[in-house]
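S.K.: Predicted model and sequence follow; I will ask about them next.
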Amino acid sequence: MPTSRTYSSNGPGRPGLGRAAGAPARSDGGGRLPPLEPTRPVRHRGASPAHCVVLELAAHTGLAIDGPNPWDIQVHDERFYKRVVRSGSLGLGESYVDGWWDAERLDETFHRLLRPDARAAVRQATRNPWVLLPAIAAAIAGKVRPSQAFEVGERHYDLGNDLFEAMLDRRMVYTCAYWAEADTLDAAQEAKLDLVCRKLGLQPGDRVLDVGCGWGSFLAYAAERYGARGVGITVSEEQVALASARLHGLPVEVRLQDYRAFEEPEPFDHVVSLGMFEHVGVKRYRTFLDVVRRHLKDDGLVLLHTIGGNHSARSTDPWIERYIFPNSMLPSIQQIGRAVEGRFVMEDWHNLGAHYDRTLMAWHANVERAWASLPARYDDRFRRMWTYYLLQCAGLFRARGAQLWQVVLSKNGVPGGYTSVR
């Protein structure tokens, strides 16, 4: 460990934190960071208490305020410090959208903020782990009433099909891609859709229910490549409108409907849910699985594809809740297990979390390339908000602070056992 350190100040009245001599090398954006070695904040006469608090917390993450690295936070407005101390992750996100700070590699900023050893260091130092530690998509647990079920559709998925067409792959898959043997987003998303079909053992003529079907990408793929039929449900009017056009001529149907109101006289061969479970809420997990079980044949399979948290939570990241995904939360292994118990046999559990980092970075690159051609309603403020959302999430998955699980379930256990598919 070095015995001496060098510190810098980046401009008059703006204290900075230099990296220690021999400090860790830069991450390549996907590699593993060396063990965390906190920097030492420089105390400047006249600095506000809030300024000092933020400097201290940043030091425990290995970041530097106004430092030399592309992941260091560059502060443009001194009100940033008080806002972060007062409002935590909400203040951090809102101050970024307001232009009060920047980072050249925002994804790497969050990679460092959200790595487990940084979280632990801040927790030890402050006993307030929410400060400077925004998380992805956890909201008020279990409080999604039927009257609120369509809110995420209206506020997020109905933003505009033009935005999502620019951001996503050609099939418009808004969930984690599978990059095991793929080099492009289109190929990686088709690989994910094929992986789901193979895990279900999909056969020609099978009927599939897709709960939270988005723009119908899975149903279309299953029909075209496997000869399946299906019904999808979503709470987004924009998704239904575009899906109806995109799926024309295929033996599939997309409906605007809350899953709790879904009724069908005949059960389905299989049920899938790709990226919808995060919007259910922990108090509704059992209800969700009861609905799935009711609509599944006795020998059918369920594939649940969901982002997951490393810890059971009943709280929210207020910035994500307010600006991106209202009424959402990340399930934990324990919470999913409790809901599954007594309803299904867990046949397979696959973690694809490391693939989400690359997916999010591809979405961000697509938006940046298409920005000049998007309508004027997506203004510069929206662009900062959307950038913050995508790169915050990329950093979180890179830090392994969140996971992406595909869980295969059966009603009574597959005779002779289920063979895992990868």
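M.R.: Sure, I can see it.

S.K.: Show me what counts as buried in the longest strand along the chain.
M.R.: Assignment by DSSP state E gives strand 296-309 as the longest strand of the chain. Neighbour-count burial for strand 296-309 flags 296, 300-309 (criterion: 16 or more other CB atoms under 10 Å). For every residue, glycine as well, the C-beta is placed using N, CA and C.

S.K.: State the mean pLDDT of the helix or strand following it.
M.R.: Per DSSP states H and E, strand 296-309 leads on to helix 318-323 as the next helix or strand towards the C-terminus. On average, the pLDDT along helix 318-323 is 88.

S.K.: just checking, what packs against helix 318-323?
M.R.: helix 79-97, helix 380-398 (3 or more CB pairs under 8 Å, 6 or more residues apart in numbering; DSSP states H and E).

S.K.: thinking again about what came up before, just how off-centre is the longest strand of the chain within its chain?
M.R.: Distance of strand 296-309 from the chain centroid (CA atoms, centre = their mean, to the nearest Å) equals 19 Å.

S.K.: Next: stretch 232-242.
M.R.: That offset, for stretch 232-242, works out to 20 Å (CA atoms, centre = their mean).

S.K.: swap in stretch 161-175?
M.R.: Computed by CA atoms, centre = their mean, the separation of stretch 161-175 from the middle of its chain amounts to 15 Å.

S.K.: Residues contacting that stretch, please?
M.R.: 157, 177, 185-186, 188-190, 192-193, 214-215, 217-218, 220-221, 238-239, 241-242, 246, 274-275, 305, 363, 366-367, 370, 373-375, 378 (CB atoms under 8 Å, 6 or more residues apart in numbering).

S.K.: First-to-last residue distance for that stretch?
M.R.: Terminal residues of stretch 161-175 lie 16 Å apart, using CA to CA, to the nearest Å.

S.K.: Report the mean confidence score over that stretch.
M.R.: Mean predicted lDDT for stretch 161-175 stands at 96.

S.K.: Equivalent analysis for stretch 91-98, please.
M.R.: pLDDT averaged over stretch 91-98 gives 96.

S.K.: residues of it that come out buried?
M.R.: 91-97.

S.K.: Contacts for it next, please.
M.R.: Contacts for stretch 91-98 (CB under 8 Å, 6+ apart): 77, 79-80, 83-85, 87, 101-102, 132, 134, 319, 323, 381, 384-385, 388, 392.

S.K.: could I get that stretch in CSV with only the CA atoms?
M.R.: Below are the C-alpha coordinates for stretch 91-98, written out as CSV (Å, rounded to 0.1, in the frame of the first residue of the first chain):
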residue,chain,number,x,y,z
GLY,A,91,-31.3,14.4,-5.4
LEU,A,92,-28.4,12.8,-7.2
GLY,A,93,-30.5,11.9,-10.2
GLU,A,94,-32.5,15.2,-10.3
SER,A,95,-29.3,17.2,-10.0
TYR,A,96,-27.9,15.3,-13.0
VAL,A,97,-31.0,16.0,-15.1
ASP,A,98,-30.8,19.6,-14.1
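
S.K.: So in this protein, where's the weakest helix or strand by average pLDDT?
M.R.: Least confident helix or strand, the chain: helix 151-152 with a mean of 59, by mean pLDDT, DSSP states H and E.

S.K.: Tell me the helix or strand right after that helix.
M.R.: helix 161-167.

S.K.: Give the rounded mean pLDDT of the helix or strand that that next one is followed by.
M.R.: Sequence-wise, the next helix or strand downstream of helix 161-167 (DSSP H and E) is helix 185-200. Confidence for helix 185-200, expressed as mean pLDDT, is 98.
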